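Student: I would like to see how this sequence folds:
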Amino acid sequence: GQAAVALVIRNRTDDERFPDTVGGVSLQPRQFSAWNGDGSGNRLISQYQPGDEAYDRAAYVVDAVMGGYVPDFTDGATHYYSPAGMKALVDQGYQRNMIPGWLQTETANRDTLPVRIGGHVFTGQVKDGD
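Tutor: Next comes the predicted model:
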């Protein structure tokens, strides 16, 4: 799962619709829940520090993905969501939609069906402007 999310971030750096750096992609507002500061996030970035097992494992995975050592098993996905996470946000009254607004469009622009990895659905495809 962590590798799949890192692949989405890497794929977005190659997509004309997004910033071309990992930091720029990751920190875009409301794109990755770990960085959401508005109550819709999972606060993972504040729970772990370098030296923590979970932090070091995630860093290893990110380094492997960004270094090109992990094949793209998301089939070029630029978007993902968690159905359980969406339900939780609806149950909390934070939002009303169970399905992201972008799901249909991003899936229609993809050369293959969405991929389910763990509890997440990955879809979309890099647009390079050609």
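Student: So which other helices or strands are in contact with the lowest-mean-pLDDT helix or strand in the chain?
Tutor: Across the helices and strands of the chain, mean pLDDT, DSSP states H and E gives its lowest value to helix 44-47, namely a mean of 70. For helix 44-47, there is no helix or strand it packs on, judged by 3 or more C-beta pairs under 8 Å, 6 or more residues apart in numbering; DSSP states H and E. The C-beta positions use only the backbone N, C-alpha and C, and glycine is treated the same way.
Student: buried residues in that helix?
Tutor: By 16 or more other C-beta atoms under 10 Å, helix 44-47 has no buried positions at all.
Student: change the start of the numbering to 34 and stick with it
Tutor: Yep, numbering from 34; the last one is helix 77-80 now.
Student: what comes into contact with it?
Tutor: Helix 77-80 is touched from outside by 67-68, with contacts defined as C-beta atoms under 8 Å, 6 or more residues apart in numbering.
Student: immediately after it, which helix or strand?
Tutor: Toward the C-terminal end, the helix or strand that comes next after helix 77-80 (DSSP states H and E) is helix 86-99.
Student: got the CA coordinates for that next one in CSV?
Tutor: The C-alpha coordinates for helix 86-99 follow below in CSV (Å, rounded to 0.1, in the frame of the first residue of the first chain):
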residue,chain,number,x,y,z
GLU,A,86,10.1,1.6,12.9
ALA,A,87,7.0,2.7,10.9
TYR,A,88,8.8,5.9,9.8
ASP,A,89,11.9,4.1,8.7
ARG,A,90,9.9,1.4,6.8
ALA,A,91,8.0,4.1,5.0
ALA,A,92,11.2,6.0,4.1
TYR,A,93,12.7,2.8,2.7
VAL,A,94,9.6,2.2,0.6
VAL,A,95,9.6,5.7,-0.7
ASP,A,96,13.4,5.6,-1.5
ALA,A,97,12.9,2.3,-3.4
VAL,A,98,9.9,3.7,-5.4
MET,A,99,11.5,7.1,-6.2
